[in-house]
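Student: sequence first, then the predicted structure:
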Amino acid sequence: MSFEKGDTVVLHEKHSDYDGEEGEITQTAETMFGDVNYTISFEDGQEAGVPEDSLDLVAEADDDDAEADAE
């Protein structure tokens, strides 16, 4: 799964200070091997060079569902 700038993700990297924390993708960069690495911004810092397999997308509430529930 590819991520886009602005997506909210959870980082899973046991060697990172931000392991298990939610952050926002602020930058994407393609490596010379065709892989994409991400820069993630957290409340108190950022982590650069994060591979796709270390991230999980945070499911955001769908506005259409919220409106349907209110009716």
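Tutor: That came through fine. The structure presented is a predicted model; accordingly, all values stated were derived computationally and were not measured. Numbering: from 1, shown residues only.
Student: show me where the protein has helices.
Tutor: Along the chain, the segments classed as helices by DSSP state H run 63-70.
Student: how about low-confidence regions in it?
Tutor: 61-71 (pLDDT under 70).
Student: now do the strands in this protein.
Tutor: Using DSSP state E, the strands of the chain run over residues 8-11, 22-30, 36-42, 45-51, 55-57.
Student: dump the residue contacts of the residue sitting nearest the centre point of the chain.
Tutor: The chain has V9 as the residue nearest its centroid, 2.7 Å off, counting by CA atoms, centre = their mean. By CB atoms under 8 Å, 6 or more residues apart in numbering, V9 lies in contact with F3, E22, G23, E24, I25, Y38, I40, L55, D56, L57, V58. From N, CA and C alone the C-beta is placed, and that goes for glycine too.
Student: which one among those gets closest to T31?
Tutor: Each of the contacts of V9 was checked against T31 using CB to CB; the closest is Y38, at 11.3 Å.
Student: nearest residue to the closest one in space, ignoring adjacent ones along the chain?
Tutor: Distances taken as CB to CB, 6 or more residues apart in numbering put V50 closest to Y38, at 4.7 Å, once the chain neighbours are dropped.
Student: same thing with D17?
Tutor: G45 (7.4 Å).
Student: partners of that neighbour in the sheet?
Tutor: Beta-bridge partners for G45, by DSSP bridges, are F42.
Student: thought it was touching S16?
Tutor: No - when contacts are counted by CB atoms under 8 Å, G45 is not listed as touching S16 (10.2 Å).
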